[in-house]
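Student: Let me see the structure of the following:
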Amino acid sequence: MSTTRNVNASFRSVHGVGVACGLAAGVWLGAAEAPTKLVNSGLSPFAISLCMVAGVFTARWTLPTLLKGTRYVFADLALNRHLILNAILAGMLWAVANTLTVFAIRDVGLTIAFPLWNANSLVGIFWGRVLFGELKGASAKTLAKVLLGALAIVIAAVLLGFSTIHSSGPHAPRAVAGILAAAGASLLWGTMYIPYRKAYISGMNPLSFVTVFTLGELVTCFALVLALDGGTHAAVFHSPDIKHLIFWLFLGGFVWVIGDLFQQFATKYLGIGRAIPLSNTNQLWGLAWGALVFGELAHADATHRLLVVAGSVVMILGALAVSTAVAGERENSSTNQALLRECNRYGLDYNRVLATYGRSDLDDDPAGRSIWDYAIVFGASAVFFYLGVNARVPALAMQFTWLWALGAVLVATALLAGYALWKATRFS
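Tutor: Numbers count the residues shown, from 1 in each chain. Sure, this is the predicted structure:
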């Protein structure tokens with residue numbers, strides 16, 4: 001009985017911070033896709049994805065270094081070396097999915113593409129139940145929230161799909177291809193959470209996981225360019241115009257990493273089935289960036305706007321319904337069984353792994369900073385400074401008042417959610 005109480009206390013103590021991280025992830029992930037609008041400037045989706053991932057690679061080594069230090073990250077990786085291949089695989093899935101989203105944005109627009117690929121909530125719920133017992137033993141009320149929320153997400157995706165097909169706007173001729181690309185991204189992004197969850201029920205820190213995750217991303221994006229975008233002759237390697245655009249794509253990758261780190265912590269503390277829908281509120285922020293900053297709905301007819309808004313509202317309500325389904329004692333017990341299974345399989349310390357959920361008084365950070373910490377931060381800053389000096393404002397119609405307003409929301413969200421995460425878990 002004492003063990004059961006400890007399990008429930010550990011899982012519930014960080015539910016609030018998990019929700020905060022999920023909402024913050026939505027804000028930042030929604031903004032991260034805005035630079036992919038550069039596909040309308042003539043760059044191929046493969047080139048855009050590669051440049052974004054290069055920014056992701058830079059940020060993924062920088063942020064963990066700032067928050068915990070390289071000694072902590074590598075100590076954690078050494079303790080969980082059996083999960084390194086999983087992290088690389090997850091990065092490969094992400095890279096392919098991200099490339100598909102660029103195609104989707106090109107073919108159907110940011111406002112439409114977001115809700116479609118956010119159907120990954122359904123995929124995540126399925127894998128969370130099958131592999132990690134996330135809904136096993138859940139109450140009828142919790143099941144109703146999850147199932148009705150999932151159904152709302154499906155309805156919203158279908159509604160938005162039809163609104164695109166019947167649109168007379170500039171994206172209509174390629175609507176089917178865009179919808180298929182967004183659906184493929186949804187499937188891959190939902191499946192990508194399996195390695196996430198497996199790592200975190202084994203006690204691995206999200207900061208360590210994403211450090212390795214980025215290797216799979218970068219290698220896969222290079223492979224896609226070499227195989228499908230002209231090989232070594234691809235424009236991304238030779239075009240004199242691309243250096244003026246790289247900064248914005250790097251910046252998009254940097255923003256995405258911040259959102260993904262919040263999403264990773266949400267996945268750790270809430271599970272797949274709840275974290276994905278909560279972070280999928282990024283659809284609302286994607287809508288804001290697409291409609292307010294880039295004016296994607298400026299020339300849409302009334303029917304089109306109504307379908308887009310209605311689909312967006314339905315999807316958000318469905319996601320919130322799923323995310324508010326708080327796990328009860330029986331479901332927590334099922335999750336604990338999955339945790340025990342991983343500990344037994346890999347010879348892990350069960351008490352240590354369980355304690356990482358509530359943080360308690362753990363303080364296993366290796367003391368001090370190494371010279372590599374300062375070198376990494378300095379190098380990353382130098383890269384962004386060099387690219388920024390050579391950057392030009394893209395030739396895209398933008399509403400800068402809304403751009404600055406949404407930028408302020410980004411900063412405020414990161415500060416508030418970051419403080420809550422540090423206060424409760426010390427980023428562990």
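Student: Tell me who's in contact with the residue nearest the centre of the chain.
Tutor: Centre of the chain computed as the mean C-alpha position; nearest residue by Cα atoms, centre = their mean is Asp260, 4.0 Å away. The contact partners of Asp260, taken as Cβ atoms under 8 Å, 6 or more residues apart in numbering, are 25, 29, 210. Backbone N, C-alpha and C define where each C-beta goes, glycine included.
Student: cutoff 10 Å now
Tutor: Under the criterion of Cβ atoms under 10 Å, 6 or more residues apart in numbering, the neighbours of Asp260 are 25, 28-29, 32, 56, 59-60, 63, 94, 196, 206, 210, 213, 267, 279.
Student: Also Gly128?
Tutor: Gly128 makes contact with 134-136, 146, 190, 193-194, 197, 267, 270-276, 335, 338, according to Cβ under 10 Å, 6+ apart.
Student: quick one: low-confidence ranges for this structure?
Tutor: The model of the chain has pLDDT under 70 over residues 1-13, 35-43, 110-112, 114, 157-158, 160-174, 241, 357-368.
Student: tell me which element Ser202 is part of?
Tutor: Element membership of Ser202, judged by DSSP states H and E, is empty: it is in no helix or strand.
Student: That one - nearest residue in space that isn't next to it in sequence?
Tutor: Glu342 (4.8 Å; Cβ to Cβ, 6 or more residues apart in numbering).
Student: The one you found is in contact with Lys198, isn't it?
Tutor: Yes. Checked against Cβ atoms under 10 Å, the pair Glu342 and Lys198 is within contact range at 7.1 Å.
Student: Common neighbours of these two, please.
Tutor: Jointly contacting Glu342 and Lys198 under the rule Cβ under 10 Å, 6+ apart are 82-83, 132.
Student: Closest one of these to Thr356?
Tutor: Comparing these against Thr356 with Cβ to Cβ places Leu83 closest, at 13.7 Å.
Student: quick one, what contacts the closest one?
Tutor: The contact partners of Leu83, taken as Cβ under 10 Å, 6+ apart, are 76-77, 90, 195, 198-200, 202-204, 208-209, 212, 342, 346.
Student: Which ones among those residues lie within helices?
Tutor: By the criterion of DSSP state H, membership of these in helices covers 76-77, 90, 195, 198-200, 208-209, 212, 342, 346.
Student: Give me the buried entries from these.
Tutor: Restricting the ones in helices among the contacts of Leu83 to buried positions leaves 76-77, 90, 195, 198-200, 208-209, 212, 342, with burial counted as 16 or more other Cβ atoms under 10 Å.
Student: and the helix or strand harbouring Asn332, what does it pack onto?
Tutor: Using DSSP H and E, the element containing Asn332 is helix 329-346. Using 3 or more Cβ pairs under 10 Å, 6 or more residues apart in numbering; DSSP states H and E as the contact definition, the elements that helix 329-346 packs against are helix 2-13, helix 120-132, helix 140-165, helix 175-200, helix 350-358.
Student: 7 Å instead, please
Tutor: Other helices and strands packing on helix 329-346, by 3 or more Cβ pairs under 7 Å, 6 or more residues apart in numbering; DSSP states H and E, are helix 2-13, helix 350-358.
Student: Show me what the shortest one is packed up against.
Tutor: On a contact count with 3+ Cβ pairs under 7 Å, 6+ apart, helix 350-358 meets helix 2-13, helix 329-346.
Student: nearest spatial neighbour of Ala97, skipping sequence neighbours?
Tutor: Distances taken as Cβ to Cβ, 6+ apart place Leu188 nearest to Ala97, at 3.8 Å, with adjacent residues excluded.
Student: my read: the one you found touches Ala95, true?
Tutor: No. In this structure, Leu188 sits apart from Ala95 without contact. The criterion is Cβ atoms under 7 Å, and the distance is 9.3 Å.
Student: could you give the angle of the helix holding Asn332 to helix 120-132?
Tutor: Direction vectors for helix 329-346 and helix 120-132, defined by axes from the mean of the first three to the mean of the last three Cα atoms, to 10 degrees, enclose an angle of 70 degrees.
Student: What residues sit buried inside helix 329-346?
Tutor: Buried residues in helix 329-346 (16+ other Cβ under 10 Å): 331-336, 338-340, 342-343.
Student: same deal with stretch 119-131?
Tutor: In terms of neighbour count (16+ other Cβ under 10 Å), stretch 119-131 has its buried residues at 119-125, 127-129.
Student: Test my guess that Pro277 contacts Leu317.
Tutor: No. With contact defined as Cβ under 7 Å, Pro277 and Leu317 do not form a contacting pair (10.5 Å).
Student: And these two? Which one has more around it.
Tutor: The residue with the greater number of neighbours, taking Pro277 and Leu317 and applying other Cβ atoms under 10 Å, is Pro277; the counts read 33 against 15.
Student: what about the strands in the stretch 201-350 of the chain?
Tutor: Assigned by DSSP state E, counting those that start in this stretch, the stretch 201-350 of the chain shows no strands.
Student: all helices for it, in order.
Tutor: Read by DSSP state H, counting those that start in this stretch, the stretch 201-350 of the chain holds these helices, from start to end of the chain: 206-228, 235-238, 246-270, 272-279, 282-288, 302-323, 329-346, 350-358.
Student: elements contacting the second one?
Tutor: Helix 235-238 is packed against helix 45-67, with contacts defined by 3+ Cβ pairs under 7 Å, 6+ apart.
Student: Which other helices and strands does the helix it packs on contact?
Tutor: Taking 3+ Cβ pairs under 7 Å, 6+ apart as the contact cut, helix 45-67 packs with helix 84-108, helix 206-228, helix 235-238, helix 246-270, helix 371-389.
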